[in-house]
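Engineer: could you work out the structure for the sequence below:
(one chain, ligands or ions: 1)
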Amino acid sequence: MAWRATRYGVAAIFTVAATGAFAQGYLLEHRIGFPDFGFMEAPGDYEGPVFVLSDDFPARIPELDAPVADILKIDFKTDPMRYVLAVRDYVFAGNIHGGAVSEDFILQNNTAGHDWYHVPWQHWGTTGREGYHGLTREGPLAAQVLHPDQDRSSYAYAVGFYNGPGGFTVGQVWPSPDQGPDLTHMIDAMEEGFAFPEGTVVGKFLFTSLGPDQVPWLADPLQWQAYIYDCDATDSSQCPQDMTGAPRSTHMVNLLQMDVMVKDSRAEEAAGWVFGTFAYNGGASQSEEWGDEYAAACADIEGPGKNWCNLMPVGVQWGNDPDNRTAFIDDKPTETRINTDLKETWINDDPALPAMHLGFNSRLNGPADNPTSSCMSCHATGQVASVSPIMPWLPPSNIPRPENGTEASEDWMRWFRNFADGEAFDQGEAISMDFSMQLTKSVENYIEYINATQKGHFALEYWGNAGAHPVSRGALESSD
Ligand code: HEC
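Structural biologist: Predicted coordinates for the structure are as follows:
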């Protein structure tokens with residue numbers, strides 16, 4: 001990797017002089033640790049910043065950043081809007097610089113003094129990270145899932161990141177690039193709770209090659225370059241079943257959704273997690289009525305970076321409402337149906353919010369997410385081995401999807417339970433990854449890598465139904 005140090009060292013100096021902002025350079029990779037990405041233009045074909053994994057994990061749980069201490073004092077049940085905007089603004093703080101948006105969210109350049117980290121081992125496999133911003137290929141965006149006019153299907157590409165307390169736990173599981181994952185900390189935490197410490201904040205951006213012609217609320221987009229599969233840029237229904245070797249090239253992708261998770265011990269029903277999500281709303285932000293509350297954090301940002309504030313809160317979830325079971329699943333969002341019987345989900349009732357399908361019975365879910373699920377429902381399955389699938393209708397469970405208006409079965413409602421901190425979805429059969437899907441996926445990727453390169457297997461591959469259904473967001477279509 002020495003070539004890169006020299007090359008981008010020079011590029012960095014040039015960019016700093018040219019824009020006064022920051023750029024990537026060898027200073028970000030003083031330790032050649034985990035691989036940064038899996039797919040990128042060849043080095044000779046591209047000159048410019050590339051994604052550098054932020055993997056200098058803290059060896060001890062760091063003190064809370066001041067904004068996090070404040071967030072943990074806001075009551076998410078009575079003041080969910082203020083809570084979720086405070087989380088968004090903390091994610092933004094020091095990561096948006098007011099120059100080219102491609103330079104935003106280079107975590108190592110945070111100017112607010114906040115440390116943020118990526119999860120290793122997301123580079124591997126056909127869904128692995130691309131080299132501009134570390135985006136992984138996520139779940140499918142089937143036709144009409146975002147808007148009734150959307151007639152092309154595509155995929156979401158996403159990058160997630162953990163703050164200091166979260167980075168501590170990631171570093172416990174991934175102590176060194178020279179060894180496999182160490183699950184000791186996660187096993188201990190199943191007794192003691194807090195695999196992720198109080199004040200862990202996780203952020204995640206989802207992008208898509210779909211644009212405002214398909215999804216009107218993607219107007220005035222915030223765009224990144226991404227090295228994605230060509231078939232995802234045209235129509236993913238044309239993609240081959242096996243993506244090994246499928247062609248990729250550089251395409252523009254548009255910001256679609258932002259997700260957040262906060263470890264907040266007051267969320268007792270949700271194993272101490274609060275989930276929140278945002279939808280991009282480029283059109284509405286041009287209108288007079290656009291709330292100042294959404295835009296305040298970007299008031300001082302010049303240029304296209306202002307558009308980060310087009311991310312509008314969809315809702316907050318602090319439990320899975322286990323008793324709410326008269327089924328309603330919305331496959332095509334024409335209006336946002338707020339279920340006022342839910343006690344552990346709040347949905348933004350601002351009429352400016354684009355129509356959202358939400359999740360099962362209108363529990364919180366983002367526009368890119370499968371409408372049969374919910375944030376908490378899917379993330380609760382984050383465990384090693386993946387004994388149960390991420391959604392009830394997937395194999396090997398194959399639980400039939402309830403018809404709208406009927407009572408969902410006990411089996412279906414296993415995916416809509418609440419959990420104690422540290423409790424695994426299949427308690428006694430698997431190690432809880434404390435709702436972290438990236439940690440789950442990183443361990444899964446590592447096992448697959450060893451299977452492929454060393455022709456070796458691990459005992460845990462034989463636990464439960466492991467391996468039958470790789471972790472992936474949204475996966476496949478819903479099976480009705
Ligand atoms: C059907 C499954 C599914 C649903 C529903 C879902 N997620 Fe996730 N989420 C995933 C998977 C899988 C990953 C990690 C792998 C990846 O990024 O592709 C992930 C990653 C994340 C991350 C990065 C941290 C982590 O866990 O690794 C955050 C934050 C997140 N999701 C929040 C949310 C929120 C908020 C919602 C609801 C609005 C939601 N998710 C709904 C499956 C899901």
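Engineer: quick one, phi psi at the most centrally placed residue in the chain?
Structural biologist: To find the centre residue of the chain, average its C-alpha atoms and take the closest one (Cα atoms, centre = their mean): that gives residue 204, at 4.0 Å. Dihedral angles of residue 204 (phi, psi; degrees, to the nearest 10) stand at phi -160, psi 130.
Engineer: ok, it - contacts?
Structural biologist: If a contact means Cβ atoms under 8 Å, 6 or more residues apart in numbering, then residue 204 has 158, 159, 160, 161, 258, 259, 260 as its contacts. Using the backbone N, CA and C atoms, a C-beta is placed for each residue, glycine as well.
Engineer: just give the nearest non-adjacent residue to it, would you?
Structural biologist: Counting by Cβ to Cβ, 6 or more residues apart in numbering, residue 204 lies nearest to residue 160, which is 3.8 Å off, once chain neighbours are set aside.
Engineer: phi, psi of that neighbour?
Structural biologist: Taking degrees, to the nearest 10, you get phi -120, psi 160 for the backbone angles of residue 160.
Engineer: surely it and residue 206 touch.
Structural biologist: No - here residue 160 lies out of contact with residue 206, judged by Cβ atoms under 8 Å, at a distance of 9.5 Å.
Engineer: hey, what's in contact with both of those two?
Structural biologist: residue 259.
Engineer: neighbour-wise, which of those two wins?
Structural biologist: When residue 160 and residue 206 are compared on other Cβ atoms under 10 Å, the one with more neighbours turns out to be residue 206, at 29 against 21.
Engineer: contacting residues for the more buried one?
Structural biologist: So residue 206 contacts 138, 156, 157, 158, 255, 256, 257, 258, 259, 366, 368 (Cβ under 8 Å, 6+ apart).
Engineer: also near the ligand: which of the residues you listed, exactly?
Structural biologist: Among these, the ones lying close to the ligand by the criterion of Cβ under 6 Å from any ligand atom are 138, 158, 259, 366.
Engineer: contacting residues for the last one?
Structural biologist: Think residue 366. By Cβ under 8 Å, 6+ apart, the contact list for residue 366 reads 206, 257, 259, 277, 278, 279, 314, 375.
Engineer: now do the SS call for the first one.
Structural biologist: So that's residue 206. The three-state assignment at residue 206 reads strand, by DSSP: H, G, I helix; E, B strand; the rest coil.
Engineer: which of the contacts of residue 206 fall in helices?
Structural biologist: When those are checked against helices using DSSP state H, none is located there.
Engineer: let's see which of those residues end up in strands.
Structural biologist: Using DSSP state E, the members of those that fall in strands are 138, 156, 157, 158, 255, 256, 257, 258, 259.
Engineer: for the second one, give the beta-bridge partners.
Structural biologist: Read it as residue 156. residue 208 (DSSP bridges).
Engineer: sorry, back to before: ok, the ones in strands among the contacts of residue 206 vs the ligand, which is closest?
Structural biologist: The nearest member of those to the ligand, counting by Cβ to the nearest ligand atom, is residue 259 at 3.4 Å.
Engineer: beta partners of the closest one?
Structural biologist: For residue 259, the beta-bridge partners are residue 204, residue 277 (DSSP bridges).
Engineer: okay, now it: neighbour count?
Structural biologist: If you count neighbours by other Cβ under 10 Å, residue 259 ends up with 22.
Engineer: so which bits of this protein are right by the ligand?
Structural biologist: 136, 138, 158, 160, 202, 204, 259-261, 275-277, 364-366, 369-370, 373, 375, 378-379, 390-391, 436-438, 441, 471-474.
Engineer: between the ones in strands among the contacts of residue 206, which is nearest residue 216?
Structural biologist: For those, the minimum distance to residue 216 (Cβ to Cβ) is 12.9 Å, reached by residue 256.
Engineer: against residue 217, how distant is that closest one?
Structural biologist: 9 Å (Cβ to Cβ, to the nearest Å).
Engineer: what sits in contact with each of these two?
Structural biologist: 279, 280.
Engineer: the more surrounded of those two?
Structural biologist: Neighbours per residue, other Cβ under 10 Å: of residue 256 and residue 217, the larger number sits with residue 256, 28 against 23.
Engineer: the more buried one: what's it in contact with?
Structural biologist: Listed by Cβ under 8 Å, 6+ apart, the contact set of residue 256 reads 146, 156, 206, 207, 208, 210, 215, 218, 279, 280, 367, 368.
Engineer: which one of the residues you listed sits closest to residue 460?
Structural biologist: Each of the contacts of residue 256 was scored against residue 460 by Cβ to Cβ, and residue 156 proved nearest at 28.9 Å.
Engineer: in which helix or strand would I find residue 187?
Structural biologist: Under the criterion DSSP states H and E, the helix or strand holding residue 187 is helix 184-192.
Engineer: quick one: contacts of that helix?
Structural biologist: 169, 172-173, 195, 384, 422-424, 431-434, 439.
Engineer: ok, now with 6 Å
Structural biologist: The list of residues contacting helix 184-192 from outside it, by Cβ atoms under 6 Å, 6 or more residues apart in numbering, reads 172, 195, 422, 431, 432.
Engineer: just give the closest residue to residue 420, not the sequence neighbours.
Structural biologist: The spatially closest residue to residue 420, leaving aside those adjacent along the chain, is residue 271, at 6.4 Å (Cβ to Cβ, 6+ apart).
Engineer: try residue 266
Structural biologist: residue 76 (7.3 Å).
Engineer: phi, psi of that neighbour?
Structural biologist: Summarising the backbone geometry of residue 76 under the convention degrees, to the nearest 10, its torsions are phi -70, psi -20.
Engineer: now do residue 384
Structural biologist: Reported as degrees, to the nearest 10, the phi and psi values for residue 384 are phi -120, psi 120.
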